[in-house]
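Q: have a look at this prediction, sequence included:
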Amino acid sequence: MMEHSGGDDSDENWNTDDELEIDNFQSSPVHSMSETSVGPADATSPNLIQKGISDETFASFIEMGFSSEMIARAIEETGGENSEPMLILETLFKYSTSTEPSSSKSKIINDLTGMGFPEENVIKVLQEYGDENIDEITNVLLTYEEVEKMSKSKDESININDDDNIYSLSSDEEEDKLNYSHETGILQDLIKMQYSREEAAKAIERCGEDASVEEVVDFICAAQMARQFDEFFAEHDKKELITNSKKRRVYNEPPRRERKPNTAMANDELIRLPKPMTGFGVPNEPGLMTQRTVPIPDVGRGPPYFYYENVAMAPKGVWAKISSHLYDIMPEFVDSIYFCAAARKRGYVHNLPIHNRFQIQPPPHCTIQEAFPLTKRWWPSWDRRRKLNCLVTCIASAQLTNRLREKLENHDGEPPLSVQKEILESCRKWNLVWVGKNKLAPLEADEMEKLLGFPRDHTRGGGISRTDRYKSLGNSFQVDTVAYHLSALKPLFPKGINVLSLFTGIGGGEVALHRLQIRMNVVVSVEISEVNRNILSSFWEQTNQTGILREFSDVTKLDNHTIERLMDEYGGFDLVIGGSPCNNLAGGNRISRVGLEGDHSSLFFEYCRILETVRGKSARMRR
DNA sequence: CACAAGATGAATTCAGCG
DNA sequence: CGCTGAATTCATCTTGTG
């Protein structure tokens, strides 16, 4: 996201220490690190039970969701100190798929549903946390209830969908709803539990129509485990390859065969984009993961958490470099086409937990026609687009759409194929929609706000020009996508979080946290563009935030000392979020697409510097 | 001076095909 | 395996206009 344009920097009259607009919000309770730095649930001390296996292997078992007790048991059972990691893993998988724990599971399910928790939640939590720590399970269930309650209550302060008909169903939707009602209760339950329809239907088919929810979930769970098992082995093989060939790192690439011509060198150090681009999983699609296949190295684990974003289609080698500067964490590539009606292919490097993700409500419409119902009337059948391409910083001119209209008016009814092709090419290139007979138009700024998940008129006013508005929006996060990723933080920070927001832009991260109803105790924001800073501060006021907002302008002038001072003042940061400038990486740039070292994009290294400062200081504060 | 329009391709990926 | 064609892409710069 996040505008850090160098060409039009107008930073002459800033204070020497670059701080702007000191918080006019009175200080709110500032928590201490010790209160809020809740570690992940799996942060058990390894030294007691991990005899016989390396730290790394132990960590990856933990990352896969096995409890330390289970691991200890598996080590015992497979020969104590001399047991083979692979053998241990097999035993662990046996535990999680065997019927024995599952039957003890059903007893717990009965107990907990007896306590009034919804069965689907109980099953999901058991699946993710195991069945050993009842206290933890009930805690998580309570959190779930709260989250669900909150996501059901509409947020009055943000009016995302202000179309009158937003809550009334279109005819297509009604049809969909009808289909839903024909589905069995189990299928509905599974879909509610965020399994994809395909996956759920397949599992039901395999388990038989009479199977209980537990049985089907067990089946899906076993299938997931098997998939992870395969991936673990593939990863293990790869690791051996790496040690053998001296640190050759290739992600997402099929196993390389031994004897191969030396053209392979060109592919070295590459991170390939996944297809489909769904990262660790998106709602309503297959491929949902609850654990990372490539664990986060110890050095990169949170808290503090961080979330870094940039364009997925960067020049070769860029993502490998980004990853290598961010603790070798593998990027999560996600296309926002799975969250809204517009494409947005982005890579996210983060150390957030990935289980328990949920969507913010209401979810946006996923097709152009649903998002903009008025276009339906004019949409010709030969324009088969249902999704828009990436929203960028420039829009088509009025002259262009006029020329297109004239071309269309030359024909009665359907234009010849050659004309159709030409029109469609322009439509795709400029993201045009049908707004009248033979009439095409680019999206209005408020329509872009809607697609990107911002409240209406978020970027309006404050003296921002039309072009600047498009520019800021084109550089922004897709809020629903980012919120889905950040949702994992909600149970971890019930008292709110302290955020360091770099390259804040129009505040996509802040809007996401707000829509997740995660309280922002402190936001320290760094953003070079004055109009964008104004947009954030007016959002802060309009949504009646009770936390503190401090805005800085130039990331290069935010020195380490200042960061540490801020951390002392506020008790540290829980989340460092931001996407560094993409100008020199983006495909649309014909002048200076020169890679990470470009004038703008090299600010990525400032992100790294600041993140490292925050993490170092956090470690010292914990001691 | 602010703003809008127009001109300016290449890098990358992928499906299809021989 | 290599080739080809199609599709996509958080943009920059100059010029014209009021």
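A: Cool, the structure landed.

Q: helix, strand or coil for the residue nearest to residue A:597 when sequence neighbours are not counted?
A: Closest residue to residue A:597 apart from its sequence neighbours, by CB to CB, 6 or more residues apart in numbering: residue A:584 at 7.7 Å. From N, CA and C alone the C-beta is placed, and that goes for glycine too. Three-state call for residue A:584 (DSSP: H, G, I helix; E, B strand; the rest coil): coil.

Q: who touches residue A:584 in this structure?
A: A:592, A:593, A:594, A:595, A:596, A:597, A:598, A:599, A:600, A:601, A:602 (CB atoms under 8 Å, 6 or more residues apart in numbering).

Q: which one among the residues you listed gets closest to DNA strand B?
A: Of all the contacts of residue A:584, residue A:593 has the smallest distance to DNA strand B: 5.8 Å, by CB to the nearest atom of the strand.

Q: count the neighbours of that closest one for me.
A: Number of residues near residue A:593 (other CB atoms under 10 Å) recorded here: 17.

Q: was I right to think it contacts residue A:600?
A: No. In this structure, residue A:593 is not within contact of residue A:600 by CB atoms under 8 Å, at 11.1 Å.

Q: ok so, going back, pop out the phi and psi values for the residue nearest to residue A:597.
A: Torsion angles at residue A:584 (phi, psi; degrees, to the nearest 10) stand at phi -90, psi 0.

Q: what's the closest non-adjacent residue to residue A:458?
A: residue A:449 (5.3 Å).

Q: now do that neighbour, the pLDDT please.
A: pLDDT for residue A:449: 97.

Q: wait, residue A:419 sits on residue A:407?
A: Yes. Under the criterion of CB under 8 Å, residue A:419 makes contact with residue A:407 at 6.2 Å.

Q: show me where the stretch 351-500 of chain A has helices.
A: A:368-371, A:398-409, A:417-430, A:445-452, A:466-474, A:479-486 (DSSP state H, counting those that start in this stretch).

Q: by contact count, what packs against the second one?
A: Using 3 or more CB pairs under 8 Å, 6 or more residues apart in numbering; DSSP states H and E as the contact test, the elements touching helix A:398-409 are helix A:417-430, strand A:439-441.

Q: restrict that helix to CA atoms and write it as PDB.
A: Extracted C-alpha coordinates of helix A:398-409, given in PDB (Å, rounded to 0.1, in the frame of the first residue of the first chain):
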ATOM      1  CA  ALA A 398     -13.500  10.700 -20.500                       C
ATOM      2  CA  GLN A 399     -12.300  11.100 -24.100                       C
ATOM      3  CA  LEU A 400     -11.400   7.400 -24.300                       C
ATOM      4  CA  THR A 401     -14.900   6.300 -23.100                       C
ATOM      5  CA  ASN A 402     -16.400   8.700 -25.600                       C
ATOM      6  CA  ARG A 403     -14.500   7.100 -28.500                       C
ATOM      7  CA  LEU A 404     -15.600   3.700 -27.300                       C
ATOM      8  CA  ARG A 405     -19.200   4.800 -27.300                       C
ATOM      9  CA  GLU A 406     -18.900   6.100 -30.900                       C
ATOM     10  CA  LYS A 407     -17.500   2.800 -32.000                       C
ATOM     11  CA  LEU A 408     -20.400   1.000 -30.400                       C
ATOM     12  CA  GLU A 409     -23.000   3.300 -31.900                       C
END
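
Q: can you list the buried residues in it?
A: Neighbour-count burial for helix A:398-409, with 16 or more other CB atoms under 10 Å as criterion, is recorded at A:400, A:401, A:404, A:405, A:408.

Q: is DNA strand C within reach of it?
A: No. Against DNA strand C, helix A:398-409 shows no contacts by CB under 7 Å from any atom of the strand, the least distance being 11.5 Å.

Q: how about residues contacting that helix?
A: Contact with helix A:398-409 is made by A:415, A:419, A:422, A:423, A:426, A:430, A:432, A:438, A:439, A:440, A:441, A:442, as judged by CB under 8 Å, 6+ apart.

Q: now do the shortest one
A: Residues outside helix A:368-371 that contact it (CB under 8 Å, 6+ apart): A:170, A:172-173, A:340-341, A:364-365, A:375-376, A:379, A:385-388, A:433, A:447, A:450-451.

Q: contacting residues for residue A:439?
A: Here residue A:439 is in contact with A:378, A:401, A:405 (CB under 8 Å, 6+ apart).

Q: cutoff 7 Å now
A: Taking CB atoms under 7 Å, 6 or more residues apart in numbering, we find residue A:439 in contact with A:378, A:405.

Q: quick one: the residue of chain A found nearest DNA strand C from residue A:392, how far?
A: Nearest residue of chain A to DNA strand C, counting by CB to the nearest atom of the strand: residue A:587, 2.0 Å away. According to CB to CB, to the nearest Å, residue A:587 stands 10 Å off from residue A:392.

Q: more neighbours, these two?
A: Between residue A:587 and residue A:392, counted using other CB under 10 Å, the more crowded position is residue A:392 (16 against 13).

Q: re the thing from before, whichever of the contacts of helix A:368-371 end up buried, select them in ChimeraX.
A: To isolate the buried members of the contacts of helix A:368-371 in ChimeraX, using 16+ other CB under 10 Å:
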select /A:340,341,364,365,375,379,385,388,433,447,450,451
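
Q: gap between the residue nearest to residue A:597 and residue A:529?
A: To residue A:529, residue A:584 is 18 Å away according to CB to CB.

Q: got it, and residue A:325?
A: Counting by CB to CB, the gap from residue A:325 to residue A:529 is 25 Å.

Q: which of the two has more neighbours?
A: residue A:529 (26 against 18).

Q: tell me the predicted confidence for that one.
A: pLDDT for residue A:529: 95.

Q: what sits against the closest residue to residue A:451 other than its chain neighbours?
A: Using CB to CB, 6+ apart and skipping the chain neighbours, the partner closest in space to residue A:451 is residue A:342 (4.8 Å). Shown in contact with residue A:342 (CB under 7 Å, 6+ apart): A:336, A:387, A:388, A:390, A:391, A:451.

Q: brilliant, that's me finished.
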